[in-house]
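**Q** A structural model of the following input is requested.
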Amino acid sequence: MPQEHEYTARVVWTGNRGAGTRHYNGYARTWNVETPGKPVIECSNDPLLGGDPALHNPEDMLIAALSACHMLWFLHFSSDAGIAVHAYQDDPLAVGETDASGASRFLRVTLRPSIALPAGTDPAAADALHARVHDVCFIARSVNFSVSYAARYRILP
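**A** Model (predicted):
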């Protein structure tokens, strides 16, 4: 029988300009993630909806969580396989759509990690590990859109 886990976060709306939500344009779409014991993350809504482009939005955080989960499992599988990863950086690309009613969703995400491997490492062996990640990554297994990867490898001297 699967074991359940609980996760928590604290989201605190910071956009009350004095009248709450009395008027649609009278409040800011800003909030903080204030999980006790962790740094505060200041957030806003998507810039397409008037949000602050300098702050994280839910879409940023979802693709970052997906990318980080994939990375952590890839590093785990690499270690188990005897593949020494020296650097890993991902620039995921998410594609979404908004319909006529204004409802939006993600259609797909492509993870695009750049990975540094030592000389003598077979990039194909490292690449094969990515396919296993989706079977175990908590975030990837929880989303209802396709997740693919297009890794690039750099072999160190």
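
**Q** partner strands of the strand ranked longest in the chain, parallel or antiparallel?
**A** Ordering each strand of the chain by length in residues (DSSP state E) puts strand 104-111 first. Strands flanking strand 104-111 in the sheet, each with its direction: strand 93-98 (antiparallel), strand 146-149 (parallel) (DSSP bridges).

**Q** Now do the buried residues in it.
**A** Residues of strand 104-111 classed as buried: Phe106, Val109, Leu111 (neighbour count, 16 or more other CB atoms under 10 Å). (C-beta placed from N, C-alpha, C; glycine too.)

**Q** just to revisit the earlier point, would CSV of the strands paired with strand 104-111 with mean pLDDT, mean neighbour count and distance to Val12 be doable?
**A** As requested, the strands paired with strand 104-111 are exported to CSV (pLDDT from 0 to 100; neighbours: other CB atoms under 10 Å; distance: least, CB to CB, whole Å):
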stretch, mean pLDDT, mean neighbour count, distance to Val12
strand 93-98, 96, 13, 26
strand 146-149, 96, 16, 30
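
**Q** Which among those is found nearest to Ala124?
**A** Ala124 lies closest to strand 146-149 among the strands paired with strand 104-111, at 13.9 Å (CB to CB).

**Q** Export the closest one to PDB, keeping only CA atoms.
**A** The C-alpha atoms that make up strand 146-149 are tabulated as PDB, following Å, rounded to 0.1, in the frame of the first residue of the first chain:
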ATOM      1  CA  SER A 146       3.500  16.200 -21.600                       C
ATOM      2  CA  VAL A 147       7.000  16.500 -20.400                       C
ATOM      3  CA  SER A 148       9.900  15.900 -22.700                       C
ATOM      4  CA  TYR A 149      13.600  16.500 -22.500                       C
END
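
**Q** any residues touching that strand, and which ones?
**A** Taking contacts as CB atoms under 8 Å, 6 or more residues apart in numbering, the residues outside strand 146-149 that touch it are Leu66, His70, Leu107, Arg108, Val109, Thr110, Leu111, Arg112, Pro113, His130, His134, Ala140.
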